[in-house]
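Q: Predicted model and sequence follow; I will ask about them next.
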Amino acid sequence: MLNLTILCVGTLKEKYLRDAVSEYTKRINGFAKLKIIETSNDRELIPKLPPRAYRIALCIEGKQLSSEELSEKLVSLTVDGVSEIVFVIGDSDGMGEDVKAACQLRLSFSRMTFPHQLMRVILLEQIYRALSIAHHGKYHK
């Protein structure tokens, strides 16, 4: 089974965001094992990156993918033998270059800036959508 980790700075304070994370976590767990690791600051990210995982940094200058392309990327990684994928979300000041350099892919959801707490929900929704596409589910339209 695919292991997915969201490595992020900070905790979710708002109940509506925690509820959304909980809902998408439940949905994703039907396809993969998901865990979320929260750190208190950006300096804790690199030590928490699993060395064997495929690491994806979410950053504004990264490559933009459609939902279908993200699905294809996840499928391609698993076909290539990757069993663990880590998505990294920095804090409100962004992500250090050292963290980005430790990742194999820089992924951008938009040239716009999103609040890092909301980004967690957006990322989880897109992971669920990508997995649903890969499994020929009805969620993606």
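A: Structure received.
Q: which residues of the protein fall in strands?
A: 3-9, 33-39, 54-64, 84-89, 105-108 (DSSP state E).
Q: and of those, who's closest to residue 118?
A: strand 84-89 (10.3 Å; C-beta to C-beta). Backbone N, C-alpha and C define where each C-beta goes, glycine included.
Q: Do me a favour and get the end-to-end distance for stretch 5-25?
A: By C-alpha to C-alpha, to the nearest Å, the extent of stretch 5-25 from end to end equals 11 Å.
Q: actually stretch 71-87, not the one I typed
A: Chord length of stretch 71-87, first to last residue, is 14 Å (C-alpha to C-alpha).
Q: circling back to that earlier point, adding mean neighbour count and mean pLDDT, write the strands of the chain out as TSV.
A: Shown next, in TSV, are the strands of the chain (neighbours: other C-beta atoms under 10 Å; pLDDT from 0 to 100):
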stretch	mean neighbour count	mean pLDDT
strand 3-9	21	97
strand 33-39	16	97
strand 54-64	18	96
strand 84-89	23	98
strand 105-108	17	97
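Q: Those into CSV, with extra columns for distance to residue 129?
A: Output for those, formatted as CSV (distance: least, C-beta to C-beta, whole Å):
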stretch, distance to residue 129
strand 3-9, 13
strand 33-39, 14
strand 54-64, 15
strand 84-89, 14
strand 105-108, 14
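Q: Name the stretch from those strands that approaches residue 124 most closely.
A: Across those, closest to residue 124 is strand 3-9 (C-beta to C-beta), at 7.2 Å.
Q: which outside residues touch that closest one?
A: 28, 32-42, 44-45, 48-50, 53, 83-91, 116, 120, 123-124, 127 (C-beta atoms under 8 Å, 6 or more residues apart in numbering).
Q: list the helices and strands the lengthiest helix in the chain packs on?
A: Taking DSSP state H as the criterion, the chain has its longest helix at helix 116-134. With contacts taken as 3 or more C-beta pairs under 8 Å, 6 or more residues apart in numbering; DSSP states H and E, helix 116-134 sits against strand 3-9, helix 15-28, helix 67-79, strand 84-89.
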